[in-house]
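Using only what follows, build the 3D model:
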Amino acid sequence: MHKSLALVALLGAVSVAGCTQNINPTDTDRALIGAGAGALIADLAGESPLAGAAIGAGAGALCNDARLCE
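Prediction:
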């Protein structure tokens with residue numbers, strides 16, 4: 001996977017996961033949202049959706065720990 005695609009998938013997943021602030025999501029909720037966003041971005045870019053989902057899930061689960069989606 002190209003580094004630029006990984007960065008876009010990461011930023012997209014964090015952005016989407018941050019949209020769940022009003023429902024008090026768990027790490028699992030954010031990881032699932034991030035995985036979906038990462039897979040979609042990777043697929044649209046012609047890359048591996050599985051790799052995009054893995055990056056997105058990690059970003060979504062950890063975004064509140066990095067204080068990006070509080």
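
What sits closest to residue 48 if chain neighbours are left out?
residue 42 (6.0 Å; C-beta to C-beta, 6 or more residues apart in numbering). Bear in mind the C-beta positions are built from the backbone N, C-alpha and C, glycine included.

my bad, should have said residue 52
Here the residue nearest residue 52, using C-beta to C-beta, 6+ apart, is residue 42, at 2.5 Å.

For the one you found, grab the count of nearby residues.
By other C-beta atoms under 10 Å, the residues close to residue 42 number 25.

related to what we said a few turns ago, quick one: mean pLDDT for the helix or strand harbouring the residue nearest to residue 48?
Under the criterion DSSP states H and E, the helix or strand holding residue 42 is helix 27-44. What helix 27-44 shows for mean pLDDT is 86.

Please state the offset of that helix from the chain centre?
5 Å (C-alpha atoms, centre = their mean, to the nearest Å).

who does that helix touch, helix- and strand-wise?
The helices and strands touching helix 27-44, judged by 3 or more C-beta pairs under 8 Å, 6 or more residues apart in numbering; DSSP states H and E, are helix 3-18, helix 49-62.

No further queries at this time; thank you.
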